[in-house]
Structure formats: C-alpha cells, structure tokens
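Enquirer: Model the structure of this input:
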Amino acid sequence: MTSTLFLQAVQEFNRGHFFEAHELWEELWNETVDEEKRFYQALVQIAAGYHKLSLAQYNGARKLLERGQQTISEFPTNYAGIDLALLMTTLESILSSLAKNQIMDSFPAPTLRFLPSFS
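Expert: Down below sits the predicted model:
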C-alpha cells in the first residue's frame, strides 16, 4: 500500500493541494479491491471535501467530509502507517464548525502523519 503514488498523494494533501491528492488517490482506488479500495475511497472523499471547503462550498464539503469520516472510522487508527486518530480529530473539529454553519475564511490545515513505526 505504501506505493510511490500513495506517498505522493499524502505529500500533496499535506501541502493543501487537495484536488491533486484526490486525483492520485482516485487512481489508486481504481486499481484496488476490498478493504484497500474502501480506504482509498475515504481518502478521496476527504480530499474532495477539503477541496470544496477551500472553494467555500460548505454544504458539499460537509457531505463529503462526513462520508469520508464515516468510512475512515471503520479502519484501525494505524492503518497504512497513518495516524488516523489525528485525522479523525481534525475532521470532527471541522465538521463541528460546518454543522454550526460557520463561515470559514480559513480552516485548520489537515495533516496526514505517518506513525513512528512506519518510518
């Protein structure tokens, strides 16, 4: 799972290049099956949600982030060497703001962090 394409997508996501990360993960999603496919689906949804958020499309962002959060919550917190607990905390925070219909000139930048045992 830790292909060059996966690592490149993580880097793009962490740089705030959500559309690019979405495209890379979608490519991986198209090439996989089963559990791994669901994992990539969640990352695609989350990246697309953050992309919509960056465009101030709050309703679409909320829907995509909720779907991604629901799917990613099915995985262990260390899946693919990523700290999914950190990601879930960030998603909960942003979804809480979106649920209150708060307009966001800026939002906390999400980060996918690799766990120490992965490096």
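Enquirer: Which pLDDT does the model give residue 1?
Expert: Turning to residue 1, the model gives it a pLDDT of 59.
Enquirer: what residue lies at the spatial centre of the protein?
Expert: residue 46 (3.5 Å; CA atoms, centre = their mean).
Enquirer: is it fair to say that residue lies in a helix?
Expert: Yes - counting by DSSP: H, G, I helix; E, B strand; the rest coil, residue 46 is part of a helix.
Enquirer: Now do the contacts for it.
Expert: By CB atoms under 8 Å, 6 or more residues apart in numbering, the residues touching residue 46 are 64, 65, 68, 69, 72, 87, 91, 110. Quick note: C-beta positions are derived from backbone N, CA and C, even for glycine.
Enquirer: The fifth one contacts residue 89, correct?
Expert: When you say that, I think you mean residue 72. No - the criterion here is CB atoms under 8 Å, and residue 72 misses it with residue 89 at 11.8 Å.
Enquirer: more crowded one of these two?
Expert: residue 72 (22 against 12; other CB atoms under 10 Å).
Enquirer: do you know how far that one is from residue 55?
Expert: Residue 72 sits 22 Å away from residue 55, going by CB to CB, to the nearest Å.
Enquirer: So what touches stretch 108-119?
Expert: Here stretch 108-119 has contacts from 2, 10, 13-14, 16, 46, 50, 78, 81-83, 86-87, 90-91, 93-94, using CB under 8 Å, 6+ apart.
Enquirer: Among these, which lie within helices?
Expert: In helices, defined here by DSSP state H, the members of the contacts of stretch 108-119 are 10, 13, 14, 46, 50, 86, 87, 90, 91, 93, 94.
Enquirer: nearest residue to the third one other than its sequence neighbours?
Expert: The shortest distance from residue 14 to any residue that is not its chain neighbour, by CB to CB, 6 or more residues apart in numbering, is 5.4 Å, and that residue is residue 111.
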